[in-house]
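[1] Show me how the following folds:
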Amino acid sequence: MSIEIIKTNDKKLLSLLNEEVQNVHHEKYPDIFKPYSQKEMEKLFEWTLSENTFCHYIAKYNNDEAGYLIFEDKKYNETPYRYEYKVVYIHEISVLKKYQGFGIGKKFIDVVLKFANDNNIKRVEVDFWSLNDNAKIFYKKMGFCNYNERMFLKI
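    Predicted structure coming up:
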């Protein structure tokens, strides 16, 4: 079994790989997330592909497209509260359900860590939705820890 991670600029492929995870988000949070629309996702990926701070990768598992990774080289400006610092911010790791558990997510994290090391960035950040137990388990397994929590009150 082989896993290949490839940098991509293919907005159509990214949008197709997004369908499964977009539908999961819509099912769990229908008041926040819209149902999947390939046309709208292509527009979104067209925008992220045009930004020079975003990086896009796909995973191939035995030559089948199995998931995607989007991360950003992000800079937080100095404020009266904090120092300036840079992070690699993971926007999305999505592995299609039938390919989960084969090490693709770990390979995506390896790409992120290599990018961070190559660019002398000492911090990687990610967030995920609280009802996404798979993401929570995965990121903890990869060594991530909580440093901030966000809450809401629905009225």
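
[2] Now name the helix or strand holding the residue nearest to E51 when sequence neighbours are not counted.
    Setting aside the residues directly before and after it, E51 is nearest to E72 in space (Cβ to Cβ, 6 or more residues apart in numbering), at 7.9 Å. In this view, the C-beta of every residue, glycine as well, is placed from N, C-alpha and C. Using DSSP states H and E, E72 sits in strand 64-76.

[3] Report the strands that pair with that strand, each with its relative direction.
    The sheet places strand 64-76 alongside strand 54-61 (antiparallel), strand 85-95 (antiparallel), with pairing taken from DSSP bridges.

[4] So the residue nearest to E51 versus L44, what's the distance?
    14 Å (Cβ to Cβ, to the nearest Å).

[5] I5 too?
    Taking Cβ to Cβ as the measure, I5 and L44 are separated by 21 Å.

[6] go on, I3?
    In this view, I3 and L44 are 26 Å apart by Cβ to Cβ.
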